[in-house]
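**Q** next comes the sequence, and after it the predicted model I'd like to discuss.
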Amino acid sequence: MRLLDLAALVQPKETATHVLCYGYDTYTTNLPLEEALKPDVLLVHTVDGQPLPLEHGGPLRMITPQLYAWKGSKWIKRIEFLPANKQGFWEERGYSDTAYPWRNDRYS
């Protein structure tokens with residue numbers, strides 16, 4: 001499922017500008033809504049018709065192909081639409097909020 005499709009179902013408030021993903025392992029990561037709603041950002045819960053295994057990020061993981069991998073959260077238990085940016089685990093430790101690999105945008 002695309003995150004874009006989930007957003008269409010839940011209809012976030014017009015004030016939403018960011019998404020924050022929370023993992024069962026307490027990991028968090030943030031995404032600007034502009035990036036999160038790109039059509040190639042996926043929420044993966046199955047593979048070959050079976051639930052996504054824990055070792056691959058199940059029950060739910062996000063794939064963010066245009067960003068560095070730390071933006072693709074695993075073991076997701078909650079996705080929150082926010083009216084402002086809130087830094088995630090790696091962003092609080094000096095990693096980039098935007099995380100564009102082709103701009104060498106790894107650190108803030």
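**A** The structure has been received and is ready for your questions.

**Q** helices or strands up against the helix or strand hosting Thr29?
**A** If you go by DSSP states H and E, Thr29 is part of strand 28-32. The contact analysis (3 or more C-beta pairs under 8 Å, 6 or more residues apart in numbering; DSSP states H and E) places strand 28-32 against strand 18-23. (Glycine included, C-beta is placed from N, CA and C.)

**Q** next one: the strand it packs on to chain centre, how far?
**A** Between the mean C-alpha location of strand 18-23 and the chain-wide mean there is a distance of 6 Å, by C-alpha atoms, centre = their mean, to the nearest Å.

**Q** what's next to that strand, contact-wise?
**A** For strand 18-23, the external contacting residues (C-beta atoms under 8 Å, 6 or more residues apart in numbering) are 3, 28-33, 36, 62, 73-86, 88.

**Q** measure Asp40 to Ala69 for me?
**A** 14 Å (C-beta to C-beta, to the nearest Å).

**Q** cool, and Val41?
**A** 13 Å.

**Q** cool, and Leu54?
**A** 18 Å.

**Q** can you show me the strands along the chain?
**A** Along the chain, the stretches classed as strands by DSSP state E are 18-23, 28-32, 42-44, 46-47, 50-51, 61-63, 76-82.

**Q** what is the longest one packed up against?
**A** It refers to strand 76-82. Applying 3+ C-beta pairs under 8 Å, 6+ apart, one finds that strand 76-82 makes contact with helix 3-10, strand 18-23.

**Q** partners of that strand in the sheet?
**A** Applying DSSP bridges, strand 76-82 is found paired with strand 18-23 (antiparallel).
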